[in-house]
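Colleague: sequence first, then the predicted structure:
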Amino acid sequence: MAEHLGLSEAISRYVQDGDTVALEGFTHLIPFAAGHEIIRQQKRDLTVSRMTPDLIYDQLIGAGCVRKLLFSWGGNPGVGSLYRFRDAVENGWPVPLELEEHSHAGLTNRYVAGASGMPFTVMKGYLGNSLGEIASHVRFLDCPFTGETVAAVRALNPDTGILHAQRADRAGNVQLWGISGVFREVAMASGRVIVTVEEVVDVLDRRPGDFVMPSMAVTAVCEVPQGARPSYVQDYYERDNDLYRKWPEMSRDRDTFLAWLDESVMGA
Amino acid sequence: MAEHLGLSEAISRYVQDGDTVALEGFTHLIPFAAGHEIIRQQKRDLTVSRMTPDLIYDQLIGAGCVRKLLFSWGGNPGVGSLYRFRDAVENGWPVPLELEEHSHAGLTNRYVAGASGMPFTVMKGYLGNSLGEIASHVRFLDCPFTGETVAAVRALNPDTGILHAQRADRAGNVQLWGISGVFREVAMASGRVIVTVEEVVDVLDRRPGDFVMPSMAVTAVCEVPQGARPSYVQDYYERDNDLYRKWPEMSRDRDTFLAWLDESVMGA
Amino acid sequence: MPTWAADEIMSVVAARLLRDGMSCFVGIGIPSTVANLARNTHAPNLFLIYEAGALGAKPYRLPLSIGDGELAVTADSVVSVPEIFNYWLQGGHIDVGYLSAAQIDRFGNLNTTVIGPDYHDPKVRLPGAGGAPEIAAHCHEVTVIMRHARRAFVPRVDFVTSVGLGPEPDTRSRLGFRGAGPIKVITDLGILRPDPQDNELTLVAIHPGVEVRDVQDRTQWPLRVAPSLEVTNAPTSEELAALRDLKNRS
Amino acid sequence: MPTWAADEIMSVVAARLLRDGMSCFVGIGIPSTVANLARNTHAPNLFLIYEAGALGAKPYRLPLSIGDGELAVTADSVVSVPEIFNYWLQGGHIDVGYLSAAQIDRFGNLNTTVIGPDYHDPKVRLPGAGGAPEIAAHCHEVTVIMRHARRAFVPRVDFVTSVGLGPEPDTRSRLGFRGAGPIKVITDLGILRPDPQDNELTLVAIHPGVEVRDVQDRTQWPLRVAPSLEVTNAPTSEELAALRDLKNRS
């Protein structure tokens, strides 16, 4: 059963140095506020996983919270590079960054396996490409029925999954709609689940295309209005595309980034 | 893209003697009208799969359409036995019935593998029990990461999947809500997909908890009001529990059953 | 003192064992009665999962079948059957599962498939596995509820549909099973639990008015009886009233 | 005669190749432009799938990112990311996928991961795979759209993110790939297709005003040219107007 907590309390209680943490949200519902709280609490040596690292992980990496990144596409969509990510990979700044690289389908299925309580699952992928050669989370095996070679991908069960949604009720049931990405899989695969929401309401009146994640599968609910900015929350606010477009100039230079971090995150 | 067809035309075109056919629907949305049309067209030697054979398969079996049954629970829920199913297994009447037996999770995952374009998938199951010993659709393999033994279940890709839903639009997009069972998996796994619907409408106004299966994944849509009776269609009609309770006395005796079949199906 | 039917004492005793806030994987029939009786009495926040896809169902009337509309309409969420079995059950989110069977043996193995020694030529063809094997494997614990009949309590089941507790103490962990298995067997005569030494089902309680020899008479193997055999508290008027009210609605 | 930018001729030429009713797996940028241009002109029933979960999206303005609200709101259905990748893409329901890359080689292998010989110490760290490897494997066919730059058209990619066509004619079937792979490469200079003999990418068309030697100059390997080299039809005013209208909205 979910407990209602302040964001600072939830992060302090459920994210420890060295943990494996997944902050997900596919363009939609990215838990920026929770990421910023992790930066403020100066968590260190985290292994973080996310299909599309996006600005949120560029910031966590630039702030020195991350030791290892599990990901499948590390760019600023429609804009270009993530410079803090590249600086960490190419130059080890502020700390060296270990990469564990996937395809989208591959990382998705690692979450699926984790959510399913399996040690692995199978997919068609990683065959013939260089990813399959370098990936320690992939093995190849033959179908016992047809002999066809398929990829086995290792389950991923984060210590803590951190997600954002539109709403929750007092009992901690969480409601979201629009693009849900791997919300269910991360929630079911993670040891602890923190969900930040735009608002807590008395009754979750149901909406077309919505999904309710029962309180039973959530550890902590934190009411954080605007908690996904600059990403978007359907029917609450739009994506701040201007900020995404400006992010390269805000982050390409280390000092500019650090000044932004001081002012916009640490000082907030 | 789905084509709108009459039910008789759809069954005649897309169900051939000897085919593997899945009529699904978990208590809710069972395509009885389509099953009766298969009986009327006297299809033979079918391999039919269904998690819960229910009255619909008891009728198909009793009518002599079925050579082989893939299933996971063959009873009349809350009432008792399916006597036509038992008569075929125990006495080979009207024709011998071959069984391929699963657990719910096992048959579900065969559809999942089929929908995923995989030759198999993996699950925890069939270990240590007698089902695992007799099932040719199950193999055991060791996780390449942990060494743990898991079950591999063979993909199931029916020639034709037959499903029922609340509504479709003119373009053949199908909308359903309430309990969906394995609707998506059967639709994605089957070579051809027939969906009977309560009504065809101009616009599918979206509803809480609904799902729209795009026309792209459907072969034929047939408007068949009441097409799921005596099962139920949420917000259209209730389950005819009286008929379910009476089914034992209607079906236990071969002649009573044949008389019912003549009158209620063949003559309809 | 009130009197009660066989199904009533099984339901009342099983309901008492549920703690509020638990998640229960609920089948049709007595399990559904038990879980909803508990939910209507001491455990209002019981989280009921029905295999057809209902998460957090709160039925007012008891469903006749596992996919009743009542379940979908009252649920917190309705998901697909693969999600129920893979994410919720196999994923390890269920505290208690309920099972019944045509046969149970001294190690709690359950048969719901065929009666008779030859699977291919059965004396009686039963409905089959359904969700039972995975409920038995993955729930943190399983409660078996069934009438205590001599033909059902057999030394060795004809077909192991669902794995129970033994015969070795490490049988389940060797198979990689997450849950503790059928550690409570509730019948209309009493309660059996596995002996911690070797997992053999042992009579630990009898219901009021029942004698140990009644239980032995209806058990095909020489029944072990716990030295500290208890007598179940009789169903109270309140419990029976709540149960009958629930039944009457349905 | 109208003039056009490099991206414009690529978009127009690619859009022409789409037939109405096809299903397209659409990425952000030019692929999204191409598919929506076709949808707004000759192929109104194009079925667009965006990897974030939108099935049958009909965006009025072009999305900046793959999970834009515009996509969800206009879609026939929004599903989870696992469902997109496992059921729709791996399940074989997509006719055409679009890819681009930092490097492409003579057999259509694509690199979007790292530039430089050492993966662990890259000269340039690129975004990585995303959906590309599985799009390349599972779509019935793939269209590559990218600017024709000398640094991009290399004899051998530094890292095979997505498998192309060769080097053996049976490479793909041996790997069990369902689709035909990148059988069309559209650049701002012309169109390349694999030679049926050995799968080497071959220049089969040049755009108006382009010379073969321009293409060779921007290709690091000795380029094969089809004997029946064609010249693409210039973008019409209508095509350019539709394209610019779409861009202006966005």
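Modeller: Yes, it's here.
Colleague: all contacts plus neighbour counts: C-alpha atoms, from now on.
Modeller: Noted.
Colleague: residue contacts, A:S12?
Modeller: Counting by C-alpha atoms under 8 Å, 6 or more residues apart in numbering or on different chains, A:S12 touches A:Q41.
Colleague: what helix or strand is it on?
Modeller: In the assignment (DSSP states H and E), A:S12 maps to helix A:7-14.
Colleague: next, the residue nearest to the spatial centre of chain C: phi, psi?
Modeller: Nearest to the mean C-alpha position of chain C, counting by C-alpha atoms, centre = their mean, stands C:V144 at 2.8 Å. Dihedral pair for C:V144: phi -100, psi 130, per degrees, to the nearest 10.
Colleague: equivalent analysis for C:D20, please.
Modeller: Note on C:D20: its backbone torsions stand at phi -60, psi 140 [degrees, to the nearest 10].
Colleague: can you give me the buried ones in the helix holding A:S12?
Modeller: A:L7, A:A10, A:I11, A:Y14 (16 or more other C-alpha atoms under 10 Å in any protein chain shown).
Colleague: let's have those residues in TSV, adding distance to chain B.
Modeller: TSV is the format used below for these (distance: C-alpha to the nearest C-alpha, whole Å):
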residue	distance to chain B
A:L7	30
A:A10	30
A:I11	31
A:Y14	27
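Colleague: any chance of the residues you listed in a markdown table with pLDDT as columns?
Modeller: Output for the buried residues of helix A:7-14, formatted as a markdown table (pLDDT from 0 to 100):
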| residue | pLDDT |
| --- | --- |
| A:L7 | 98 |
| A:A10 | 98 |
| A:I11 | 98 |
| A:Y14 | 98 |
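Colleague: so what's the closest residue to C:I115 other than its chain neighbours scoring on pLDDT?
Modeller: The shortest distance from C:I115 to any non-neighbouring residue, by C-alpha to C-alpha, 6 or more residues apart in numbering or on different chains, is to C:V124 (5.0 Å). Looking at C:V124, its pLDDT stands at 91.
Colleague: now swap in C:M1 and tell me
Modeller: 60.
Colleague: ok, A:L176 - contacts?
Modeller: A:A165, A:Q166, A:R167, A:D210, A:F211, A:V212.
Colleague: tell me which element it is part of?
Modeller: strand A:174-177.
Colleague: helices and strands of the chain: which one has the lowest mean pLDDT?
Modeller: Just going to use chain A. strand A:80-81 (a mean of 88; mean pLDDT, DSSP states H and E).
Colleague: I was after chain C.
Modeller: One helix or strand of chain C scores below all others by mean pLDDT, DSSP H and E: helix C:69-74, with a mean of 85.
Colleague: quick one: is it near chain B?
Modeller: Yes: Helix C:69-74 is in contact with chain B by C-alpha under 8 Å from any C-alpha of the partner chain, via C:G69, C:A72, C:V73.
Colleague: residues in contact with the least confident helix or strand of chain A?
Modeller: A:G74, A:G75, A:P248, D:L126, D:P127.
Colleague: how does it look with 6 Å?
Modeller: Contact with strand A:80-81 is made by A:G75, as judged by C-alpha atoms under 6 Å, 6 or more residues apart in numbering or on different chains.
Colleague: ok, then the element right after it?
Modeller: Counting by DSSP H and E, the element that comes right after strand A:80-81 along the chain is helix A:83-91.
Colleague: for that following helix, packing partners?
Modeller: Packed against helix A:83-91 by the contact rule (3 or more C-alpha pairs under 6 Å, 6 or more residues apart in numbering or on different chains; DSSP states H and E) you find helix A:54-62.
Colleague: packing partners for the helix it packs on?
Modeller: Against helix A:54-62 (3+ C-alpha pairs under 6 Å, 6+ apart) you get helix A:83-91.
Colleague: can I get the helix it packs on in PDB? Just the C-alpha atoms.
Modeller: The C-alpha trace of helix A:83-91 is given here as PDB (Å, rounded to 0.1, in the frame of the first residue of the first chain):
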ATOM      1  CA  TYR A  83      26.600  17.200 -23.900                       C
ATOM      2  CA  ARG A  84      26.900  16.200 -20.200                       C
ATOM      3  CA  PHE A  85      26.500  12.600 -21.200                       C
ATOM      4  CA  ARG A  86      29.000  13.000 -24.000                       C
ATOM      5  CA  ASP A  87      31.500  14.800 -21.800                       C
ATOM      6  CA  ALA A  88      31.300  12.000 -19.200                       C
ATOM      7  CA  VAL A  89      31.700   9.300 -21.800                       C
ATOM      8  CA  GLU A  90      34.400  11.000 -23.800                       C
ATOM      9  CA  ASN A  91      36.300  12.800 -21.000                       C
END
